[in-house]
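Undergrad: I need the structure of the sequence given here:
(2 chains, ligands or ions: 4)
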Amino acid sequence: MSHNKVPPRAGISRRSFLGSTGAVGAVLGAGTQHASAQQSDTGVAPNSQPKIELTINGKRRTLTVEPRTTLVEALRDNLGLTGTKIGCNQGQCGACTILLNGNRVNSCLILALSVNGAKITTVEGLANPDGSLHPMQTAFAEHDAFQCGYCTPGQILSAIACIDEGHAGSADEIREYMSGNLCRCGAYPNIVAAVEAVRDGKEG
Amino acid sequence: MRNFTYHSPRTLADALDAARESGGDILAGGTTVVDLMKIGVREPAALVDITGLTDLEGHEIGPNSIRFGALARMSVVANDQELVAAAPVLTESLWKAASPQLRNVARLGGNILQRTRCPYFRDTAYAQCNKREPGSGCAALDGGETSHHAVLGGSSSCVAKYPGDWAQALIAFDAEVHTQGPGGRRTILFADLHLMPGDTPEVETILQQGEIVIEITVPVVPALKASHYLKARDRESYAFASASAAVGIELDGDTVRDVRIALGGVATTPWRASAAEDSLKGSPLTEATAREAGRIAFAEAQELEGSAYKIKLGADVVAGALMTAKSRANGGK
Ligand SMILES: Cc1cc2nc3c(=O)[nH]c(=O)nc-3n(C[C@H](O)[C@H](O)[C@H](O)COP(=O)(O)OP(=O)(O)OC[C@H]3O[C@@H](n4cnc5c(N)ncnc54)[C@H](O)[C@@H]3O)c2cc1C
Ligand code: SF4
Ligand code: FES
Ligand code: FES
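TA: Ligands and ions are numbered 1, 2, ... in the order given. This next block holds a predicted model:
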């Protein structure tokens, strides 16, 4: 079923653009091992079951999807990684937040096919092999940064990215840059406290 | 979601072919496209995923013009400190939009072409929506909830607001959109890209089926440096504009030499407030003249039952944004 193979995607590249915009040549996904995979001109058919490959929490996984399968469905239904939650399913709540090639995204609005070849981190991939928790997980537990816990996997991944991006300078900045994650239980003050603690190296 | 044929071209030529032959929708970050497909508002037979055209990523600040690739990501552009200093309105209108997660995925070409958030457009349980189903009527105008609908540019067919933020900075600063389509390459004034609803609210832009936005350019003018995007909304963050203003000024002593004002969250398309700009040119910019400009910007506004607040709020937002721009023109923050 080689015609069902989809070329993998590149990660975010900064300023890779604009020599002459007149000449947009053939471009291959950077840093991926299948960059030469070809698909036929007719595309991936609606009723087909293309195979894609993802590196999830450091492990390479091959999975069969449909064109309409979203990334969160692929993670939960195809791979059984149910740590990633579905809240609104419309990009509005952040429960489905994962790291895609190191960047936080809502996995409910991304087609699995469109991220073939990508590296993904979910909440299942945060703890160390010996079972010890990621500092952000510890901080959420110690600061009571949740009640029901439904939003928590998304909050934790978003919080890790928030610090990595350099957007955790002050409580106000944390609130702004954590605004893509809603918490119906209203654990916001404690979430901010957990992010501050990890930022200040007080956990782990 | 209905299934569809998925194309992932590697060259612009292949993308144009796939779009033409399939009649499908272009897919960039998908934060509008996939959303609308999931809720059944769009059911395209094919998607042409253009994110493999990595030449269209990135942006560049030149001496005369700032160029944005259609696939530049909102987050990357918003965080460019050089752009923050050169043209704050172009970064503020990005980081005040959506959420960090969405901005990591959404691209600028998709951003300018995002669709309305009118709740009746988005909910197929409502039979009436001229934009979704031409000729079916308008649930908003027919007794619906209108607090988030447009007060400028509406028609008796549709009053859906254009929801985007960045577009206001683009229209205020005479941006151009460069496209390639079945008819070849063309350059469109950003102000000409979007169409008011009139009798055909289903037609939102002058783009043809399969026409691909390649890049967006903004001419560099002094007013860009003293610019600002002020956004008022129902909550402090992660909400669409209730009323917003993209402004910029160039002062000659106390007198306004150049001024730009565009309005978000209040109109059916990106909206330049030219009469308000004219009221300020050649005059001093004070609290009073800024307030008067805000009033003029909404002189033609038509309120609906729920949206009257936008006229007062919008005028205040214009005045507030202008005072921040003035302080920036004088070297402040
Ligand atoms: C919960 C939520 C909150 C949001 N809040 C805000 C907000 O506050 N302010 C704001 O401004 N926006 C907001 N947005 C909208 C968001 O910014 C847009 O969805 C996003 O910018 C679209 O970019 P994309 O790359 O995902 O586009 P896509 O979804 O891929 O495409 C959008 C449209 O553009 C077309 N298209 C895309 N690229 C091209 C191209 N190069 N040439 C031709 N056609 C093209 C597609 O066919 C489609 O019609 C929000 C979205 C969500 C889901
Ligand atoms: S305002 Fe426009 S989009 Fe909303 S219901 Fe009426 S016709 Fe549809
Ligand atoms: S489930 Fe994805 S944002 Fe809510
Ligand atoms: S802990 Fe319940 S939703 Fe956040």
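Undergrad: For the rest of this, base every contact and every neighbour count on C-alpha atoms.
TA: Fine.
Undergrad: From ligand 3, how far out is the residue sitting furthest away from the middle of chain B?
TA: Distance from the C-alpha centroid of chain B, by Cα atoms, centre = their mean, peaks at B:Gly253 (32.3 Å). From B:Gly253 across to ligand 3, the span is 49 Å (Cα to the nearest ligand atom, to the nearest Å).
Undergrad: can you give me the helices for the stretch 1-150 of chain B?
TA: Assigned by DSSP state H, counting those that start in this stretch, the helices in the stretch 1-150 of chain B fall at B:12-22, B:33-38, B:74-78, B:81-86, B:88-95, B:100-105, B:108-112, B:119-122.
Undergrad: What are the buried residues along stretch B:121-132?
TA: Buried residues in stretch B:121-132, counted by 16 or more other Cα atoms under 10 Å in any protein chain shown: B:121-122, B:128-132.
Undergrad: repeat for stretch A:74-86
TA: For stretch A:74-86, by 16+ other Cα under 10 Å, it's A:74-75, A:81, A:83-86.
Undergrad: near ligand 1, anything from it?
TA: No: shown here: stretch A:74-86 not in contact with ligand 1 (Cα under 6 Å from any ligand atom), separated by at least 13.9 Å.
Undergrad: So is that stretch next to ligand 3?
TA: Yes: counting by Cα under 6 Å from any ligand atom, contacts between stretch A:74-86 and ligand 3 involve A:Ile86.
Undergrad: what are the C-alpha coordinates of that stretch, in PDB please?
TA: This file holds the C-alpha atoms of stretch A:74-86, laid out as PDB (Å, rounded to 0.1, in the frame of the first residue of the first chain):
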ATOM      1  CA  ALA A  74      -5.000   8.400  17.400                       C
ATOM      2  CA  LEU A  75      -3.400   8.700  20.800                       C
ATOM      3  CA  ARG A  76      -6.400   7.600  22.800                       C
ATOM      4  CA  ASP A  77      -8.200   5.200  20.600                       C
ATOM      5  CA  ASN A  78      -5.400   3.700  18.400                       C
ATOM      6  CA  LEU A  79      -2.600   3.600  20.900                       C
ATOM      7  CA  GLY A  80      -4.500   3.500  24.200                       C
ATOM      8  CA  LEU A  81      -2.700   6.500  25.600                       C
ATOM      9  CA  THR A  82      -5.800   7.900  27.500                       C
ATOM     10  CA  GLY A  83      -3.800  10.300  29.600                       C
ATOM     11  CA  THR A  84      -4.500  13.000  27.000                       C
ATOM     12  CA  LYS A  85      -8.100  14.200  27.600                       C
ATOM     13  CA  ILE A  86     -10.800  15.400  25.300                       C
END
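Undergrad: contact partners of it?
TA: A:63-65, A:72, A:95-98, A:108, A:112, A:122-124, A:150-151, A:153-154 (Cα atoms under 8 Å, 6 or more residues apart in numbering or on different chains).
Undergrad: Give me the buried subset of those residues.
TA: With burial judged by 16+ other Cα under 10 Å, the buried subset of those is A:64-65, A:72, A:95-98, A:108, A:112, A:122-123, A:150-151, A:153-154.
Undergrad: On the three-state scheme, B:Ala245 is what?
TA: Here B:Ala245 is strand, with the state taken from DSSP: H, G, I helix; E, B strand; the rest coil.
Undergrad: on that earlier part again, B:Val259: which of the buried residues of stretch B:121-132 is nearest?
TA: B:Val259 lies nearest to B:Lys131 out of these, by Cα to Cα, at 34.1 Å.
Undergrad: OK, contacts around that closest one?
TA: For B:Lys131, the contact set (Cα under 8 Å, 6+ apart) comprises B:121, B:158, B:200-203.
Undergrad: And B:Gln208, by the same measure?
TA: By Cα under 8 Å, 6+ apart, the contact set of B:Gln208 is B:Gly181.
Undergrad: in the sheet, who's paired with the closest residue in space to A:Thr122 that isn't next to it in sequence?
TA: Closest residue to A:Thr122 apart from its sequence neighbours, by Cα to Cα, 6 or more residues apart in numbering or on different chains: A:Ile98 at 5.3 Å. Beta-bridge partners for A:Ile98, by DSSP bridges, are A:Val105.
Undergrad: thinking again about what came up before, out of the helices of the stretch 1-150 of chain B, nearest to B:Val259?
TA: With Cα to Cα as the criterion, B:Val259 lies closest to helix B:88-95 of the helices of the stretch 1-150 of chain B, at 13.1 Å.
Undergrad: model confidence over that closest one, on average?
TA: Helix B:88-95 carries an average pLDDT of 98.
Undergrad: which residues are in contact with it?
TA: With contacts defined as Cα under 8 Å, 6+ apart, helix B:88-95 is touched by B:74-75, B:77-80, B:83-84, B:103, B:165-166, B:169-170, B:224-229, B:246-248.
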